[in-house]
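Novice: Okay, here's the prediction I keep looking at, along with the sequence it came from:
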Amino acid sequence: MSIQLTLIGKPGCHLCDEARDAIDGVLLEFRQKNPNTDVTVEELNILEDEALRLKYAEEIPVLLIDGKMHNYWRIDDERLMRALYAKASK
């Protein structure tokens, strides 16, 4: 099983830094309890992609799980953990 997380943000964004920290914390726990689930994280910068900038400029940071919007502005640790467990159980 693999899960792709995509964090969309930009440099110098304090909410993006907080989102990255929250994701890292959740993944640390999740990976310890689910070693057979591969979770990868990709970061995209809205300053380098015009389409992303037009779509998400007012919502960053944005977290996608397997390409679908999960959260924006603030990452809820418990909600992210539940979403990862739900994906891993499929």
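Specialist: Right, received. Where do you want to start?
Novice: now the helix or strand harbouring R53: how far from the chain's centre is it?
Specialist: Per DSSP states H and E, R53 falls inside helix 50-56. Once both centres are worked out by CA atoms, centre = their mean, to the nearest Å, helix 50-56 turns out to sit 17 Å from its chain's centre.
Novice: May I have the phi/psi pair for the residue nearest the centre of the chain?
Specialist: Against the mean C-alpha coordinate of the chain, by CA atoms, centre = their mean, the closest residue is L63 at 3.7 Å. Recorded main-chain torsions at L63 are phi -110, psi 120, according to degrees, to the nearest 10.
Novice: again, but for L5
Specialist: Backbone dihedrals for L5, given as degrees, to the nearest 10, come out at phi -100, psi 140.
Novice: And for the one 4 residues further on?
Specialist: Phi and psi for G9, reported as degrees, to the nearest 10, are phi -160, psi -150.
Novice: how close does it get to I75?
Specialist: G9 sits 11 Å away from I75 when distances are taken as CB to CB, to the nearest Å. Placement of C-beta: from N, CA and C, glycine included.
Novice: which neighbours do those two share?
Specialist: Any residue near both G9 and I75 by CB atoms under 8 Å, 6 or more residues apart in numbering counts here, and that gives 19, 61.
Novice: May I ask which helix or strand encompasses L27?
Specialist: Counting by DSSP H and E, the element that carries L27 is helix 14-33.
Novice: and that helix, what's its mean pLDDT?
Specialist: For helix 14-33, mean pLDDT rounds to 97.
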